Structures are given as structure tokens and as C-alpha cells.
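In: output the structure for:
(one chain, ligands or ions: 1)
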Amino acid sequence: MKPWQAEHGGPDGGPTVEHDFSTNASPLGPPAALWQAVQQADRQAYPDPQYGALRRRLGEAHSTDAELLLPTAGGAEGIRRLTLAALLTGHREVWVPQPGFGDYAAAAQALGLAVQPYADPADIRPTASALVWLCEPCNPTGASTTDWPDLDGHLVAIDRAYEPLRLQGDAPALPPKAWQLICPNKALGLTGVRAGYIVAPAADDAWARAQSLAPSWVLSAEGVALLMLWHDDATTSWLADARAQLREWTTTQRAMLTGEDWQQRPSCTNFWLARPPRPDIALRLRERNIRVRDATSFGLPGWVRVSAQPRRAQAALQQALLEIESEDA
Ligand SMILES: Cc1ncc(COP(=O)(O)O)c(C=O)c1O
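Out: Next up, the predicted model:
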């Protein structure tokens, strides 16, 4: 069997890029107090293996029992763990958004589970006990859904990685009994800190499995520091300001790309899908130390995903596009 790995935006193993439009992470982070706490995290001792104080803090914030809060080494680790817990509790199909974050399918395939892609949540029709991934708002489209199908009896997991980066509209009500996956590092501009958590709906068998499958000290000291301050008032108000800035950059960047003849899809987040007039644009920009996310692996050849970046980066992108156009003229 050949190992297969999901493709991602951000660092790609090549020379460091100067302007990175390929990652969905906010370019604005991190907020000062939270950053200080991360830097001062005690790396000389193990974190509490039960993460008691952290789980109580997160439980309070979500108005639920601390024991239902499961710290993860980032959302990616949470996806793997929940998929394995689903398999071990008798789930045989995994429904994944298409286009969607590649790790849901990768986790299912690695365990030999049947993957069922869906374009619209209304198309989800499990034939067996299923793990259903909903991504709200969705990566890479930035689309939001309010109309959930009735998925009673299935393990429904809602990935809320980009909820804090929702720039338009309100979060829809969650489907009843859904698991939640929370990944704050993107909104905080701290993707190097591998920290997230799962909120389980009940202390059932899948919850017991998901908890038992975690390695000891799954979350680092830095991760604990980040999550301890995630629901702080200072972080919440910093995030509101960050969203206002990202809204402004989204508007100017979209206008610039429209001027360069890029087709663009609507999105409620700081990232969106776009179709440049030249199909090889991702490669051509990469040669100029600018990165956009080629959307071929999302099943969208000819498209790219871009995130809102500061004005200076937008100007550099526009300049590079003009140079490429004149080279090709
Ligand atoms: C939708 C979605 N979920 C989860 C993740 C995992 O993020 P992390 O493991 O950094 O928390 C990502 C990362 O890009 C993502 O796009």
C-alpha cells in the first residue's frame, strides 16, 4: 500500500514564501497576552495528564461537563482520533464534504472505511451507521449551511475550525447531538501550536473510545496555555478587531483580483475559491515567492484558494500578476 497524505496550504517544503495567500490562518495573530502565556508555558514539566483545569475552563465556556471536553494535538489529530473511535463503535461509512478538508477522507481511508463525498448536506444519505463530517463554515469554499438533514443515530461531527473567522452572517444552530471540533490556532495566527479540542455530546461509548485513544500528554504545555486563554475576554475582543481588519482586506483584495480578471466565489470567511485567467498561476507565483493554494486536490483544477492578506501582500500579488501577464504577452 502506498502512503497517502492530504495536501495543505502554508509551508510546502520549498523556500520560505514572502506572501502566503495559501493558508487560511489569519495573518494578524497572536493577541499579546495569549502570546505571552504561550511563550511562558512551563516546558520543564509534563502538563497535568488529566488536563483538569483546562477541561473545567473549556467546560464552563461551552456550558457543558468538563469530562466531555477532550483536548487534542490540533484539529488534525482530533479528526484521526474521532474517526478511529467511530470505527471502533461500529460506524462503517464516513461522509465528507466535497470540496472539503482532505484529512476527513484521509483518516477514513487509512482505516479502510468507506468514504462518501457529498456536495450539499441535503445529499447525505447514510446506508449504514455513519460518521458524518460537517465543516461550518466549510474549507475551502467558505460556504455556510443552515439546513441540516436529519442524521439521528449517526455520529455527526461538526468541524468549527473557521467559526472564529466568519466575517459575514451568524453561526447556524448546531445539529442536535453533534460532536464539535474546535481548532483555535488558525484564528489566532498560531498554527505552529498544535492545540485543539473536541466537545462530545454525551459520555457514550464513542466518547470513552475517543478519550482512551489519546496518548498521554497529547497536548503540549504551549497548547494548554493557548487553550486556557481562548475564551478570555481579551482574546474575544481582539478577535472582533481582527475580523474587522480581515473584512477590509477581503474587500480590497477581491476588488484587485476582479480587476485582474479572476472569477471569485462568494464566501463568509477570510478565504475563498477563485479562478485565475491562467491555469498555471499557482506555479508561476510560487517562483516569485508568493503562494496561493492550487485547488486541484479539492477536485477543482484551474481554481485556487486564497486568503485575505495585508495591503502590502496584495500589492506584491498584483505586481507579480502584471509581470506574468507581460511575460506571456
Ligand atoms: C477545516 C479544518 N479542520 C481542521 C484543520 C486542522 O487544523 P489544526 O490541526 O491545525 O488544528 C484544518 C487545517 O487546515 C482545517 O482546514
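In: excluding chain neighbours, what is closest to Q98?
Out: Nearest in space to Q98, with sequence neighbours left out and distances taken as CB to CB, 6 or more residues apart in numbering, is P117 at 3.5 Å. For glycine as for every other residue, the C-beta is placed from the backbone atoms N, C-alpha and C.
In: got a pLDDT number for the closest residue to W207 other than its chain neighbours?
Out: Spatial nearest neighbour of W207, excluding adjacent residues (CB to CB, 6+ apart): A200 at 4.1 Å. Residue-level confidence at A200 comes out at 98, pLDDT.
In: is it true that A200 touches R209?
Out: No. Under the criterion of CB atoms under 8 Å, A200 makes no contact with R209, lying 10.3 Å away.
In: for the stretch 151-300 of the chain, what lies in contact range of the ligand?
Out: Counting by CB under 6 Å from any ligand atom, the residues of the stretch 151-300 of the chain lying close to the ligand are D159, A161, C183, N185, T191, G196.
In: if you set the cut-off to 5 Å instead, what comes out?
Out: Residues of the stretch 151-300 of the chain lying close to the ligand (CB under 5 Å from any ligand atom) are D159, A161, C183, G196.
In: burial count for the residue lying closest to the third one once chain neighbours are set aside?
Out: The shortest distance from C183 to any non-neighbouring residue, by CB to CB, 6+ apart, is to G75 (3.4 Å). The number of residues packed around G75, counting by other CB atoms under 10 Å, is 24.
In: how about A32?
Out: For A32, the number of neighbouring residues by other CB under 10 Å comes to 9.
In: how close does it sit to the ligand?
Out: Relative to the ligand, A32 is positioned 22 Å away (criterion: CB to the nearest ligand atom, to the nearest Å).
In: same question for T235.
Out: Counting by CB to the nearest ligand atom, the separation of T235 from the ligand is 16 Å.
In: re the thing from before, was I right to think the residue nearest to C183 contacts G196?
Out: Yes. Here G75 lies in contact with G196, judged by CB under 8 Å, at a distance of 4.5 Å.
In: what touches both of these two?
Out: Residues touching both G75 and G196 by CB atoms under 8 Å, 6 or more residues apart in numbering: L181, I182, C183.
In: who touches D147 in this structure?
Out: Contacts for D147 (CB under 8 Å, 6+ apart) come out as P121, A122.
In: can we see that at 6 Å?
Out: Residues in contact with D147 (CB atoms under 6 Å, 6 or more residues apart in numbering): none are found.
In: give the helix, strand or coil label for it.
Out: Under DSSP: H, G, I helix; E, B strand; the rest coil, D147 falls in the coil class.
In: in ChimeraX, how would I select the buried members of the shared contacts of G75 and G196?
Out: Only the buried members of the shared contacts of G75 and G196 enter the following ChimeraX selection, criterion being 16 or more other CB atoms under 10 Å:
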select :181,182,183
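In: and for the residue nearest to G52 when sequence neighbours are not counted, the neighbour number?
Out: Distances taken as CB to CB, 6+ apart place A66 nearest to G52, at 7.5 Å, with adjacent residues excluded. The number of residues packed around A66, counting by other CB under 10 Å, is 17.
In: roughly how far does A66 sit from the ligand?
Out: 21 Å.
In: cool, and D123?
Out: Here D123 is placed at a distance of 19 Å from the ligand (CB to the nearest ligand atom).
In: so between A200 and R209, which is more surrounded?
Out: Here A200 and R209 are set side by side on neighbour count (other CB under 10 Å), and the busier one is A200, at 24 against 17.
In: beta-bridge partners for the residue in the stretch 201-329 of the chain positioned nearest to the ligand, please?
Out: Sorted by distance to the ligand under CB to the nearest ligand atom, the residues of the stretch 201-329 of the chain start with F271, at 9.3 Å. Counting by DSSP bridges, F271 forms beta bridges with S307.
In: doesn't A308 make contact with it?
Out: No. With contact defined as CB atoms under 6 Å, F271 does not count as touching A308 (7.3 Å).
In: distance from the chain centre to the longest helix seen in the chain, please.
Out: In terms of residue count, the longest helix belonging to the chain (DSSP state H) is helix 233-259. For helix 233-259, the separation from the chain centroid amounts to 17 Å (computed by CA atoms, centre = their mean, to the nearest Å).
In: show me which residues of it are buried.
Out: T235, W238, L239, A242, R243, L246, W249, T250, Q253, R254, M256, L257.
In: in JSON lines: the residues you listed, plus pLDDT and distance to A106.
Out: Formatted as JSON lines, the buried residues of helix 233-259 follow (pLDDT from 0 to 100; distance: CB to CB, whole Å):
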{"residue": "T235", "pLDDT": "98", "distance to A106": "31"}
{"residue": "W238", "pLDDT": "98", "distance to A106": "33"}
{"residue": "L239", "pLDDT": "98", "distance to A106": "29"}
{"residue": "A242", "pLDDT": "98", "distance to A106": "30"}
{"residue": "R243", "pLDDT": "98", "distance to A106": "30"}
{"residue": "L246", "pLDDT": "98", "distance to A106": "28"}
{"residue": "W249", "pLDDT": "98", "distance to A106": "31"}
{"residue": "T250", "pLDDT": "98", "distance to A106": "29"}
{"residue": "Q253", "pLDDT": "98", "distance to A106": "30"}
{"residue": "R254", "pLDDT": "98", "distance to A106": "31"}
{"residue": "M256", "pLDDT": "98", "distance to A106": "34"}
{"residue": "L257", "pLDDT": "98", "distance to A106": "30"}
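In: lovely, talk soon.
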